[in-house]
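Trainee: Build me a model from this:
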Amino acid sequence: AEEEREYVVGIDVGTGSARAGIFTLSGKMVATSANSIKMWKPKEDYYEQSSDDVWNACCKSVKEAMELGNVTKEQIKGIGFDATCSLVALGENDKPVTVSPSKNDEQNIIVWMDHRAIEQTKRINGTKHRVLQYVGGGVSPEMETPKLLWLKENLPESWQRTSKYLDLSDFLSYRATGEDVRSLCTVVCKWTYLGHEHKWDETFMKLIGLEELIGQNYVKIGSKVRPAGDSIGSGLCSQSAQEMGLKEGTKVAVGIIDAHAGGIGVLGAVLPADDGDDDDVPVDAEEIEKRIAVISGTSTCHMASSRKPIDVPGVWGPLYSAMIPDFWLSEGGESTTGYLIDHIINSHAASVAMRAKAAQKNMSIYAFLNVCVSELSQKYNLSHHSLLTKNLHILPYFHGNRSPRADPQAVGVISGAKVASDLEVDLILNYYATIQAIAHGTRHIIASMNANGHKISTIFMTGGNSKNDLFVSEHADVTGCRVVLSKEQEAVLLGSAVLGSVAGGIYKTVIEGMKHMCNAGQIILPTKGDNGLVEKYHKAKHDIFLKMYDHEMEYRSIMSDF
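Mentor: I've put the predicted structure just below:
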């Protein structure tokens, strides 16, 4: 088709690599390439990168993907960037300024997962200022405000020399165009910008000791703030066009945080009506409000959008235009999911033997354990495999709970542990109970959101765990929601490409771009039949899930004197 000859580029900068994907205007990826990024760890909990290194990795990835896809620069109609929410410092002539105890200027990025600013975080949250209610009641050391305060207090020389502080995706669009435009997504989510009021809060900056950032209409942290997908200035500048192998003037979109790009990359797919009607449901504002993006890898992020602000305790937000422009974003999360599944497997005595068996069959450990679950269920003659965990219950708060309890001190619980006569069976059951526990965590988050005014009924899942069939089907069974997987596995790259398509004028709005470029793959429905057995079973399991936390709180209080 003629229109398929036009393409857009999505560029995604993760923690370890920069990737580029070339997409058709209907959302099909024709080529992708990745290059790794250097990471410095000068001290424990310190993580640093170089903006020059990141930019070079982006350029190299774009050139390689263009070559692999056999695409010419004239065919590219727009570019979108997403990145981790890391902090970039630039000085005179946009040269890097060190953020490192090593004093090396090349190291000018504090990476998102860096926890050096714990002390500053506590002080900022101690102010109880009103801006904090929009970031879930308090900033985290992974946000930019505490990191800025840390730089002022610990590297005064860098603080003096820096003329711009940027979120990483904003740095990329600035480097691409030469125009300093900030994304509503980054500054609202990570910098305490009040998007719905279109302003920074001066009283907050003075209160926490960052008054130096106020001058010249906040030029150091962003005086021009636009929604993601807006086209920036005159597009790609000549130097960047050369470095990327693209055409000068190619449209560049205002960028977005990586997880939020994943939301844009999945939530737009057109679906059949869930009441079995033949007609597809139009993807309009009302339909978007029924959808939640569940982005699940090492940890899980739950992103729901609404036209009105909805306050949900323990859920970050409501954040105005933080993902889809003009919608309020509520962002829940489970701190450890994929990581917890691996922990349960790896810390079990049977893990070495089971990994060897999986390798023999040329299967991943997860696929192998999933087969074991269904074989075990047949062996015990159960009417449904979920009944395997009738007497085994897990509370998955092994790294605290982010949503909806907002309790970083929470711990995990395993109830129903036994001396196992068969260690392998014991591992299979613990693995399965953990997946169910994580799904109950998602059920708890969705229930809290819906109790406060959301209307969520469909989960759109992406990320590493969405490749695990049992993980996916368990989320459908436990939550009672249908689960939709994307046709395009690289949802984050696709989300950035959607922004590129809007900047390029191909689609008028982000929602229109999502509608044309997001495509549904498999749709998994909750298990029905057998007189509602599975539904009733998980209602009972969920009651236990909620009680386990209350009991664990009691134990903590009993021991609180010691």
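Trainee: just the strands in the stretch 201-350 of the chain please.
Mentor: 225-226, 256-257, 291-296, 300-306, 316-320, 328-334 (DSSP state E, counting those that start in this stretch).
Trainee: do you know which of those lies nearest E375?
Mentor: strand 291-296 (25.5 Å; Cβ to Cβ). Where you see a C-beta, it was placed from the backbone N, CA and C, and this is true even at glycine.
Trainee: what sits up against the closest one?
Mentor: If you take Cβ atoms under 8 Å, 6 or more residues apart in numbering as the criterion, strand 291-296 is touched by 259, 262-263, 266-267, 300-305, 337-338, 442, 446, 449, 454, 456, 458-466, 471, 475, 481, 491.
Trainee: thought A89 was touching Y165?
Mentor: Yes. At 5.8 Å, A89 and Y165 qualify as touching, with contact defined as Cβ atoms under 8 Å.
Trainee: Between those two, which is the more surrounded one?
Mentor: Taking other Cβ atoms under 10 Å, A89 and Y165 do not tie; A89 has more neighbours (28 against 24).
Trainee: okay, M517: pLDDT?
Mentor: Per-residue pLDDT puts M517 at 97.
Trainee: helices and strands of the protein: which one has the lowest mean pLDDT?
Mentor: strand 316-320 (a mean of 91; mean pLDDT, DSSP states H and E).
Trainee: Please write out the alpha-carbon positions of it in PDB.
Mentor: This file holds the C-alpha atoms of strand 316-320, laid out as PDB (Å, rounded to 0.1, in the frame of the first residue of the first chain):
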ATOM      1  CA  TRP A 316       0.600   8.200  42.300                       C
ATOM      2  CA  GLY A 317      -1.400  11.100  40.800                       C
ATOM      3  CA  PRO A 318      -3.800  12.200  39.500                       C
ATOM      4  CA  LEU A 319      -1.200  13.600  37.100                       C
ATOM      5  CA  TYR A 320      -2.500  15.900  34.400                       C
END
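Trainee: Centroid-wise, who is the farthest residue in this protein?
Mentor: Distance from the C-alpha centroid of the chain peaks at S421, with 40.7 Å (Cα atoms, centre = their mean).
Trainee: Are we agreed that that one is in a strand?
Mentor: No. Using DSSP: H, G, I helix; E, B strand; the rest coil, the secondary structure at S421 is coil, not a strand.
Trainee: Look at it and report its pLDDT.
Mentor: What the model reports as pLDDT for S421 is 91.
Trainee: neighbours around the closest residue to Q133 other than its chain neighbours, how many?
Mentor: Nearest residue to Q133, sequence neighbours excluded (Cβ to Cβ, 6 or more residues apart in numbering): D311, at 8.0 Å. Applying other Cβ under 10 Å, we find 13 other residues in the vicinity of D311.
Trainee: Verify the stated contact: D311 with P318.
Mentor: Yes. The pair D311 and P318 passes the contact test of Cβ under 8 Å, sitting 6.4 Å apart.
Trainee: picking that back up, and the gap between the residue farthest from the centre of the chain and P146?
Mentor: Per Cβ to Cβ, to the nearest Å, S421 is found 51 Å from P146.
Trainee: wait, doesn't I22 sit right on Y7?
Mentor: Yes. The pair I22 / Y7 is scored as a contact, 5.2 Å apart, by Cβ under 8 Å.
Trainee: residues shared between the contacts of these two?
Mentor: V30, G69, V71, I76.
Trainee: Give the closest residue to the second one in space, chain neighbours not counted.
Mentor: With Cβ to Cβ, 6+ apart as the criterion, G69 has its nearest non-adjacent residue at 3.1 Å, and that residue is A31.
Trainee: next structured bit after the helix or strand that contains that neighbour?
Mentor: In the assignment (DSSP states H and E), A31 maps to strand 29-36. Once strand 29-36 ends, the next helix or strand along the chain (criterion: DSSP H and E) is strand 48-49.
Trainee: list the helices and strands that following strand packs on?
Mentor: If you count contacts as 3 or more Cβ pairs under 8 Å, 6 or more residues apart in numbering; DSSP states H and E, strand 48-49 packs onto strand 109-110.
Trainee: I'd like the next helix or strand past the strand it packs on.
Mentor: Next in sequence after strand 109-110, counting helices and strands by DSSP H and E, comes helix 118-126.
Trainee: Skip ahead from that following helix and say which helix or strand is next.
Mentor: That would be, after helix 118-126 and using DSSP H and E, helix 144-154.
Trainee: And that next one, what does it pack against?
Mentor: Against helix 144-154 (3+ Cβ pairs under 8 Å, 6+ apart) you get strand 87-90, helix 118-126, helix 156-161, strand 164-167.
Trainee: which secondary structure elements does the first one contact?
Mentor: Same thing as strand 87-90. Under the contact criterion of 3+ Cβ pairs under 8 Å, 6+ apart, strand 87-90 touches strand 109-110, helix 144-154, strand 164-167, helix 168-177.
Trainee: Nearest to D561, out of those?
Mentor: Closest to D561 of the helices and strands packed on strand 87-90 is helix 144-154 (Cβ to Cβ; 32.2 Å).
Trainee: can you pull the buried residues of that closest one?
Mentor: E144, T145, P146, K147, L148, L149, W150, L151, K152 (16 or more other Cβ atoms under 10 Å).
Trainee: hmm, back to that, can you tell me which of the shared contacts of I22 and Y7 are in strands?
Mentor: Judged by DSSP state E, these include V30, I76 as members of strands.
Trainee: Nearest to E286 among the shared contacts of I22 and Y7?
Mentor: Distances from E286 to the shared contacts of I22 and Y7, taken by Cβ to Cβ, are shortest for V30, at 33.3 Å.
Trainee: which residues touch the closest one?
Mentor: V30 makes contact with Y7, I22, F23, T24, G69, V71, according to Cβ under 8 Å, 6+ apart.
Trainee: And it, how far from A503?
Mentor: Per Cβ to Cβ, V30 is found 19 Å from A503.
Trainee: Ok, L525 next?
Mentor: From L525 across to A503, the span is 37 Å (Cβ to Cβ).
Trainee: Let me see the ranges of the helices in the stretch 351-500 of the chain.
Mentor: For the stretch 351-500 of the chain, applying DSSP state H, counting those that start in this stretch gives helices covering 351-360, 365-379, 423-451, 469-479, 491-503.
Trainee: Let me see the contact set for I428.
Mentor: Contacts for I428 were tallied using Cβ under 8 Å, 6+ apart; they are L369, C372, V373, L376.
Trainee: Give me the pLDDT for the residue lying closest to the second one once chain neighbours are set aside.
Mentor: Looking back up the chat, that one is C372. Excluding its sequence neighbours, the residue lying closest to C372 (Cβ to Cβ, 6+ apart) is I428, at 4.6 Å. With respect to pLDDT, I428 scores 98.
Trainee: same question, A1
Mentor: Confidence at A1, expressed as pLDDT, is 38.
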